[in-house]
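Enquirer: return atomic coordinates for the entry below.
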Amino acid sequence: MEGLTGLIIQLVSGAVGGNIAGGLFKNLSLGTLGNSIAGIVGGGLGGYILSMLGIGGAEAAGSMDLTGILTSVAGGGVGGGVLLAVVGALKKAFSK
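Expert: Below is the predicted model:
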């Protein structure tokens with residue numbers, strides 16, 4: 001159950017991170033729905049990458065302690081923001 005909770009935290013954090021990145025970088029924004037979708041995917045990927053590196057919060061620790069939750073939030077938020085920036089830059093490059 002801890003793994004599922006960690007994944008949900010990462011996905012929600014990714015959606016928030018994607019929308020924050022979209023607000024900060026207006027030229028890369030995909031709109032609220034696009035920012036959320038890119039953020040959710042990026043949050044999942046960010047959490048997966050962190051767990052593969054052995055830093056992965058709840059999944060690595062085996063329990064939902066504060067460190068695991070914060071790692072899931074950080075990994076999801078950063079992953080969501082990064083993926084939004086990449087997708088937004090690609091969209092902008094191909095629209096020229």
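
Enquirer: not counting its neighbours along the chain, what's nearest the spatially most central residue of the chain?
Expert: Nearest to the geometric centre of the chain sits residue 43, at 2.2 Å (Cα atoms, centre = their mean). Excluding the flanking residues, the one nearest residue 43 by Cβ to Cβ, 6 or more residues apart in numbering is residue 14, at 1.6 Å. Any C-beta I mention is one placed from the backbone N, CA and C, and that applies to glycine too.

Enquirer: hmm, residue 20 and the residue nearest to the centre of the chain touching each other?
Expert: No. Counting by Cβ atoms under 8 Å, residue 43 does not reach residue 20; the two are 12.0 Å apart.

Enquirer: related to what we said a few turns ago, contacts only, for the residue nearest to residue 43.
Expert: The contact partners of residue 14, taken as Cβ atoms under 8 Å, 6 or more residues apart in numbering, are 39-44, 46-47, 76-77, 79-80, 83.

Enquirer: relative to residue 23, how far out is it?
Expert: 15 Å (Cβ to Cβ, to the nearest Å).

Enquirer: same question for residue 76.
Expert: In terms of Cβ to Cβ, residue 76 sits 17 Å off from residue 23.

Enquirer: neighbour-wise, which of the two wins?
Expert: Neighbour tally, residue 76 and residue 23, criterion other Cβ atoms under 10 Å: the higher count belongs to residue 76, 33 against 11.

Enquirer: what comes up buried for the helix or strand in which the more buried one is found?
Expert: According to DSSP states H and E, residue 76 maps onto helix 66-94. For helix 66-94, a neighbour-count test (16 or more other Cβ atoms under 10 Å) marks 68-69, 71-85, 87-88 as buried.

Enquirer: name the residues that touch stretch 84-96?
Expert: Contact with stretch 84-96 is made by 17-18, 21-22, 25, 27-30, 34-35, 38-39, 42, as judged by Cβ under 8 Å, 6+ apart.
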